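# please work out how this folds:
(one chain, ligands or ions: 1)
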Amino acid sequence: MLVRIDRLHLRDFRNIAELELQPGEHVNIIHGDNAQGKTNLIEAVWLLTGAKSFRGGRDADLVRFGAACASVEAAFFRDGREQTADLAFGAGVKKRARLNEIPLPSGAGLAGVFCAVVFSPAHLSLAQDGPSERRRFADGCICQLSPRYIALLSDYSRTLLQRNTLLKDIAYAPSLLDTLDVWDERLAELGALICRNRAEYVARLAALAGEIYAGISAGRERFAARYAPGGAPEGLARGEYRAWLLEALRRARADDLRAGATSVGPHRDDIELSVDGLSLRGFGSQGQQRSAVLALKLAESRLAEQMLGERPVILLDDVMSELDGGRRDYLLNHLDGSQVFITCCDRQSFDSLQGGREFELKAGALCPA
Ligand SMILES: Nc1ncnc2c1ncn2[C@@H]1O[C@H](COP(=O)(O)OP(=O)(O)OP(=O)(O)O)[C@@H](O)[C@H]1O
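Take a look at the predicted model:
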């Protein structure tokens, strides 16, 4: 089933004083010159997923300069019925979030209710930066699918922090060494669960992303993604990985005690991305990196649909630059009927698109049609 926004209303959100948008069911093109508010609009929709802004920063930054409070309200269709979500942010006050007019304890309460996937140039860090970006990506995707995974991640982080504190304390109180085994056991137990969740998710994602990338590159290039769990052999079952991690923690113990930090475990894992067998980070062109991140994002959307039965809204910010004509056409024609919001400066990038609705933004306001 399709998740779609039927009405969006923004007030005092970044450079947008007030905006009311009634998007179409499928492709919605938001165009305009630089710095008119296109990314701001995409960011506002993304916040309805309950996640933090993909631009980083504080909630107070979202409030239009000079205003006291910003709001984002949407009527959307999900679970076969019309629903509403609204958020309000203000400097020095707690974010307010409501679903169907019922207050939620926090914005995160919207996670898994309104689902979307987002691509913005900031997401190129997935291909260009270190492993932490890729781990965060996989964790974010799995969290949208399973709230239990959110709890597992925070349990692991807490355990890791406690083990690291203990490693440092042992330097001053060597008798504490005896207690390290307990933390190793706990870390291996939780680490094995995280590793299994990520490895399974990435295997499914990689299969879909590989197909999408083949389409984007007209079959000329082969994209692969693989979960790389530290130095562990591939394909270990959960119990085997747990035993491997426990052993690895013991082997690394002397080094960890010296460094005061834990050197093995899922907090050090990576997702290896490659095109035609070459590392995307080390050897990929700008266009290949962009195509690969897009393929991962579109695969994320398809996988969410397979696992939740709901097809997320797709948000594509400035996606077309650096893609050649063939790649653009493929992308525009393979959005699978999802509701899509796509921003660009140059309206001509979309000449090959059949149908769809267009909106022009100027200084944070919609131009009359
Ligand atoms: N809190 C805020 N209050 C007022 N204006 C803001 C606020 N935050 C950001 N802006 C302004 O919003 C403007 C538009 O930003 P946005 O990133 O949406 O532009 P854009 O249309 O996507 O541009 P580009 O095509 O260059 O990516 C920027 O000039 C920025 O200074």
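# kindly report the residues of this protein close to the ligand.
Proximity of the chain to the ligand, by Cβ under 6 Å from any ligand atom, involves residues 14-15, 32, 34-40, 61, 63-65, 318, 345. C-beta here means a position set from N, CA and C on the backbone, and glycine is covered the same way.
# which of the residues you listed sit farthest apart?
Using Cβ to Cβ, these reach their maximum pairwise distance at 63 and 345, which is 25.8 Å.
# and those two? Which one has more around it.
Counted by other Cβ atoms under 10 Å, residue 63 and residue 345 do not tie: residue 63 has more neighbours, with 20 against 14.
# so the more buried one makes contact with residue 15?
No. Look at residue 63 against residue 15 with Cβ atoms under 8 Å: they stay out of range, at 11.1 Å.
# show me which residues of stretch 284-303 are buried.
284, 288-303 (16 or more other Cβ atoms under 10 Å).
# stretch 14-22 too?
14, 16, 19, 21.
# who's in contact with the second one?
It stands for residue 16. Residues counted as contacts of residue 16 (Cβ atoms under 8 Å, 6 or more residues apart in numbering) are 10, 37, 40, 41, 44, 64, 364, 365.
# can you add neighbour count and secondary structure and give the residues you listed back as a markdown table?
Shown next, in a markdown table, are those (neighbours: other Cβ atoms under 10 Å; DSSP: H, G, I helix; E, B strand; the rest coil):
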| residue | neighbour count | secondary structure |
| --- | --- | --- |
| 10 | 24 | strand |
| 37 | 25 | coil |
| 40 | 21 | helix |
| 41 | 29 | helix |
| 44 | 26 | helix |
| 64 | 19 | coil |
| 364 | 21 | coil |
| 365 | 16 | strand |
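# would you list the phi and psi of the closest residue to the ligand within the stretch 251-369 of the chain?
Using Cβ to the nearest ligand atom, the closest approach of the stretch 251-369 of the chain to the ligand is made by residue 345 at 5.1 Å. Main-chain dihedrals, residue 345, degrees, to the nearest 10: phi -90, psi -30.
# who are the neighbours in contact with it?
Residue 345 makes contact with 31, 32, 33, 34, 318, according to Cβ under 8 Å, 6+ apart.
# and the third one, which of the three is it?
State at residue 33, reduced to three classes by DSSP: H, G, I helix; E, B strand; the rest coil: coil.
# which non-adjacent residue is nearest it?
The shortest distance from residue 33 to any non-neighbouring residue, by Cβ to Cβ, 6 or more residues apart in numbering, is to residue 345 (6.2 Å).
# kindly report the domain assignment for this protein.
What the record gives for the chain is the domain set 4-115+320-366, 134-199+230-264, from automatic domain parsing.
# quick check: mean pLDDT of the longest helix belonging to the chain?
Ranked by residue count and defined by DSSP state H, the top helix of the chain is helix 180-216. What helix 180-216 shows for mean pLDDT is 96.
# now do stretch 307-318
For stretch 307-318, mean pLDDT rounds to 92.
# now the end-to-end length of that stretch.
28 Å (Cα to Cα, to the nearest Å).
# may I see the PyMOL selection of the buried members of the contacts of residue 345?
To isolate the buried members of these in PyMOL, using 16+ other Cβ under 10 Å:
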select buried, resi 31+32+318
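# specify which member of the contacts of residue 345 is nearest to the ligand.
residue 34 (3.3 Å).
# got a list of what that closest one touches?
residue 345.
# where do the strands sit along the stretch 201-350 of the chain?
All strands of the stretch 201-350 of the chain, identified by DSSP state E, counting those that start in this stretch, fall at 223-228, 270-275, 278-279, 313-316, 340-344.
# could you dump the ones you listed to CSV with mean neighbour count and distance to residue 166?
Converted to CSV, these look like this (neighbours: other Cβ atoms under 10 Å; distance: least, Cβ to Cβ, whole Å):
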stretch, mean neighbour count, distance to residue 166
strand 223-228, 20, 28
strand 270-275, 20, 26
strand 278-279, 12, 36
strand 313-316, 25, 43
strand 340-344, 24, 47
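# redo those as CSV? Include distance to residue 70.
Output for the strands of the stretch 201-350 of the chain, formatted as CSV (distance: least, Cβ to Cβ, whole Å):
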stretch, distance to residue 70
strand 223-228, 37
strand 270-275, 35
strand 278-279, 41
strand 313-316, 18
strand 340-344, 19
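# among those, which is nearest residue 358?
Between these, strand 340-344 lies closest to residue 358; by Cβ to Cβ that is 10.3 Å.
# what are the contacting residues of the strand or helix carrying residue 165?
Secondary-structure element containing residue 165, defined by DSSP states H and E: helix 147-170. With contacts defined as Cβ under 8 Å, 6+ apart, helix 147-170 is touched by 111-112, 139, 142-143, 176-177, 179-180, 183-184, 186-187, 190-191, 193-194, 197, 256-257, 259-262, 265-267.
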